[in-house]
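**Q** What follows is a predicted structure for the sequence shown.
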Amino acid sequence: MERIGVFVCHCKLMAYMDTGTVVEAISKKPDVVHAAAYEDLCLAPGLEQVKDTIKNEKLDGVLITSCSPVLHQEVLRQAVTAAGLEAHQMQAVDIRSQNGVKENTERAIEAISSALDKLKASLPPVRTKVPITKKVLVIGGGIAGIRASLDIADGGYEVILVERTHSIGGHMIQYSETFPTLDCPQCIETPLMTDTGQHDNITIYAYSEIEEVTGSIGKFKVKIRRKAAYVDWDKCNGCLMCIEKCPPRVLSEYERYLDMPKRQAHRRAIWVPHAQAVPMRPIIDKDHCLYFTKGKCRVCEQACPSKAIDFTQQESFVEIEVGAIVVASGFDLMPKSAIKEYELDKDILEGIEFERILCPAGPTAGKVIRPSDGREPKTVAFISCCGSRDPEHGVPYCSKVCCMYLVKMALLYMHAVHDGQTFIFYIDIRTTGKGYEEFVQRAVTEDNVLYLRGKVSKIFRDGDKIKVWGADTLTGKRIEMAVDLVVLGMAMLPSEGVKELADKLGIATDEHGFMVELHSKLRPMESSVPGIYLAGCCQGPKDIQDTVAQGGGAASKVLALFAQDEVILEEAAVR
Amino acid sequence: MRIEISTETLYSDFVKKVEAISEQTLISCYQCGKCSAGCPMCFAMDLLPSQIIRLAQLGLEDDIAKANTIWICASCITCSVRCPKGVDLARVMEALRLITSRKNIDQVQIPEIPKETIAQLPQVAMVGGFRKLTA
C-alpha cells in the first residue's frame, strides 16, 4: 500500500487527547498521504467524507480510529467497500484511554503506528461460502429453551431440543407461583411444554447431553449422548404402572432432596419428575433399583403392559448437523453448605425447596409444613443475599431475583397460614421490574410481611426453634429471634457443567462461569462464536420475564440467519 | 442533630490515618450490618460496630470518640470472619483505638478516682488502664 489515509475520529468523547499532535505525527509516517481529524466519523456525513477522500486521494489503504471497533467495524467497512476498496484495506483502531492528555496522545500515536504496520501487512481474507443447514440445536429445555424452540419451530425450521433431565420445563415448573402476577407455572408453562412436545418441527432428546460439537456457523456437527433410561421410550406409552409397583423410596432430585416426615417428597427407583412431565417417560435410577443393586425384583417389567422395560439398555449416540445453536443451559443455586455460619438443618431451606412446599402441585399439595416434624410453621424468616453480593464467597454480583421470590413466598405463606408471621432480612430491596415495587408494597401493607434491614450473622437450631441472629441497622439494634422455619435466598450460579459445555462449543465464559455475550447492551444474545446464541440464565441471573424475552430474541437471531441460504466465512490469510 | 459532610470530612487526615493503620478501605463496607448481627459484645455498646464504620466512612471522628463501642470491642474477630466484603473490622477498631490513644489526652484524672475504687482495682488493670487512658 502506497497511498494510505488516516482518519482520526474526534467526537466529544475523544476530547481527552491532543488530536492535532496525533495527526501531525501520523502524517509524517511513510506512505501516509492523508491524515486529518474528523468529527463523528460513525455518522452518515462523516462516512461520506471518508468515501469522498478515498476517491479524491486515490487511497489504497484506510485507517480509522473509532471508539469501539466491535460496534463500528461493520459500518466503517461498508463505507470503505462502497468507495471501491476491499475490506482488508481498512483497519479500525480503538484509541480511547483513561489517562492524562499527554499520555493519551502518546498512546494514540503508538496504537495508530502499529495499526499502520498491520494494515500494510494485511492480505485479502480467504472467503468460503457455506450453505446454511436450516436446523437448530437448542441446549436446555427450561423456559428459555422452550420459548426459543417454539419461536424457531413456528418460523418453519426444524428444532432439536436437548435436555439433561428427563423432562423439559426447567426450574420454572418447580415453582409455586410466579411474581408479580401469581400465576402458577403448572398452569402457564405446561401449555408451552405440551406444545413443544407435540410440535411437528421439534424433536426433544430428553435425558441427553451434548457430547461433541465441531464445525462452524451454517454447519455444526453435534454428537448427542442419550443416557440409558433402561426403558424403551418408543415402546413406553406413559401409563406409569411401572412406578406404582416399584418398592424403593428415594429422595427426589426434582423435589430438591426434600426429606418430608411422611416421605411425601420421595420418589421410586423408576420415576418421572412430576405429573406434567414432557415427555412423560420414566427412567430407572440404577443406584437404587433393586434389580441393579441386589439382582432381583423386576416388578416394573411385570407391570409394564408395553414390554418397554429394558435392563440391558446402553447409552447411545445421535449425530446431527445444524446451522445454528441456542444455548439455554440455565442456573443452579449455591449449596446451603457454602455459608458455614448458617447451620445445615431440615428446617433451614433454600428458595426452591420452600417453593416445592408451597406448590399446590408439590409433595404436600400446598399444605405448608416443616420438614422436621410436619407441623405448620407459625413464624418464618427469609434471608436475602445468602452468598450473593458476597465477594468473600466468590459471588460479587446480585442474583437479581431473590428479592422478588422471597417476598412472593412470604406472601404465599401468609395466604396459607393466616395467623403466621414472616420476616425478611434484607440489605437492599431491588424491585426493578414492571409491577415489582407494587408487589412488595402490597406484601408489606396488606399481608404483614415485615422487612428488617440487616444481614444475618448466624442461624442455628435451638430445641424446637431455629435461632436467627440479625440486626436492624435502621434502629441500630441487634435482633435475636426464634422462628419455626428459615428460607435462604441462595446465590444463583451457572448450571453444573457449564464450563465443560462452553469448552465443547468453544464459547467464552466469565470468571463465574456465565457465558459471555458479544456486547452487554447491544448484542446480548450472541456468544463469542458466530452462529451460537445465548438465552436465559446461562448468560447471567435473570427473572422469567427477561429469560423469555431473551429466548425469543435468540430465536429471532436464528430466524434472521436462516432467512439467508449461505453464509460467507472469512479467514485471515497467512503469508 | 444535623451532621456536616463535606470533602474535608470525607477525605480528612483522620480517614486516611484509619485506612493506613488498619490497611482497610473503609468505603468497601456496604452497611449490611452482619458485623453487628454477630457481635458478642454488642449488648454493652452504645453504637453498633456497623454504625462505627459508617461514622468512620464519613469522617465523623468526634461521634466515634463519644461512643464506648471501640473500647468494648473484644477483638474476637467474629465480624472480620463473617464480613461478606472482606473488611477486617477488628483492625479498623484497633486503628480507631490507636488514633484515640495517640492523642495523648488524659482521659481520666487519676487524683479524682475515689480511694475505695483504687483499693478494689487490681494493679495490672490500673497500670494498663492508665497507659491507655492518660498522656
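**A** Looks like it arrived, so ask away. Numbers count the residues shown, from 1 in each chain, chains lettered A, B, ... in the order given.

**Q** Would you map out the domains in chain A?
**A** Segmentation of chain A into domains, based on automatic domain parsing, reads A:4-122, A:130-176+A:183-227+A:315-330+A:495-575, A:228-313, A:334-493.

**Q** For B:V127, which of those domains is the nearest?
**A** Set against B:V127 and scored by CB to CB, these come closest in domain A:334-493, at 33.3 Å. All C-beta atoms are positioned from the backbone trio N, CA, C, and that covers glycine.

**Q** Mind checking the pLDDT average for the closest one?
**A** In this model, domain A:334-493 has a mean pLDDT of 97.

**Q** Flag every residue of the stretch 251-400 of chain A that's near chain B.
**A** The interface of the stretch 251-400 of chain A toward chain B, taken as CB under 8 Å from any CB of the partner chain, is made up of A:341, A:385, A:389-393.

**Q** just these now: which is nearest A:K58?
**A** Each of these was scored against A:K58 by CB to CB, and A:P391 proved nearest at 56.9 Å.

**Q** tally of neighbours for that closest one?
**A** Burial measure for A:P391: 13 neighbouring residues, criterion other CB atoms under 10 Å in any protein chain shown.

**Q** isn't it right up against B:V87?
**A** No: under the criterion of CB atoms under 8 Å, A:P391 lies out of contact with B:V87, with a separation of 10.5 Å.

**Q** Could you list the residues in contact with stretch A:238-255?
**A** Where contact means CB atoms under 8 Å, 6 or more residues apart in numbering or on different chains, the residues beyond stretch A:238-255 that reach it are A:165, A:174, A:231, A:257-259, A:263, A:265-274, A:279-282, A:285, A:288-290, A:297, A:299-306, A:309, A:356, A:362-363.

**Q** For ChimeraX, write a command that selects the buried ones of those residues.
**A** The buried residues among the contacts of stretch A:238-255 can be selected in ChimeraX (16 or more other CB atoms under 10 Å in any protein chain shown) with this line:
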select /A:165,174,231,258,265,266,267,268,269,270,271,272,273,274,279,280,281,282,285,288,289,290,297,299,300,301,303,304,309,356,362,363
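
**Q** So the closest residue in space to B:S12 that isn't next to it in sequence versus A:E74, what's the distance?
**A** Excluding its sequence neighbours, the residue lying closest to B:S12 (CB to CB, 6 or more residues apart in numbering or on different chains) is B:G59, at 4.5 Å. Per CB to CB, to the nearest Å, B:G59 is found 50 Å from A:E74.

**Q** Tell me where the model's unsure across chain B.
**A** Per-residue confidence of chain B (counting by pLDDT under 70) places no residue in a weak region.

**Q** coming back round to it: nearest to B:S28, out of the domains of chain A?
**A** domain A:334-493 (9.1 Å).

**Q** Pull up the distance across that closest one, start to finish.
**A** For domain A:334-493, the first and last residues are 6 Å from each other (CA to CA, to the nearest Å).

**Q** Secondary structure element for the residue nearest to the spatial centre of chain B, which one?
**A** For chain B, the residue lying nearest the average C-alpha position, counting by CA atoms, centre = their mean, turns out to be B:I70 (2.9 Å). Remark: B:I70 resides in helix B:69-72, with elements defined by DSSP states H and E.

**Q** Chain B contacts on chain A?
**A** For chain A, the residues in contact with chain B under the definition CB under 8 Å from any CB are A:341, A:385, A:389-393, A:427, A:453-458, A:469-473, A:476-479.

**Q** count of neighbours near the closest residue to the residue nearest to the centre of chain B other than its chain neighbours?
**A** Closest residue in space to B:I70, ignoring its immediate chain neighbours: B:L96 at 4.7 Å, by CB to CB, 6+ apart. By other CB under 10 Å, 27 other residues sit near B:L96.

**Q** State the distance from B:L96 to B:K103.
**A** Taking CB to CB as the measure, B:L96 falls 12 Å from B:K103.

**Q** swap in B:Q123?
**A** Between B:Q123 and B:K103 the computed distance is 25 Å (CB to CB).

**Q** Domain-wise, how is chain B divided?
**A** Per the record's domain assignment (automatic domain parsing), chain B is made up of the domains B:7-103, B:104-135.

**Q** Could you grab the helix/strand/coil label for A:I54?
**A** When the structure is reduced to helix, strand and coil (DSSP: H, G, I helix; E, B strand; the rest coil), A:I54 reads as helix.

**Q** That one is in contact with A:L63, isn't it?
**A** No: using CB under 8 Å, A:I54 and A:L63 do not qualify as a contacting pair, with a distance of 11.8 Å.

**Q** what's around the residue of the stretch 401-550 of chain A found nearest chain B, how many residues?
**A** With distances taken as CB to the nearest CB, the stretch 401-550 of chain A approaches chain B most closely at A:S457, which sits 3.0 Å away. Number of residues near A:S457 (other CB under 10 Å) recorded here: 26.

**Q** what's the answer for A:M525, then?
**A** 22.

**Q** A:I26 now?
**A** Using other CB under 10 Å as the criterion, A:I26 is surrounded by 21 other residues.

**Q** can you tell me the helix or strand for it?
**A** Under DSSP H and E, the secondary-structure element containing A:I26 is helix A:19-27.
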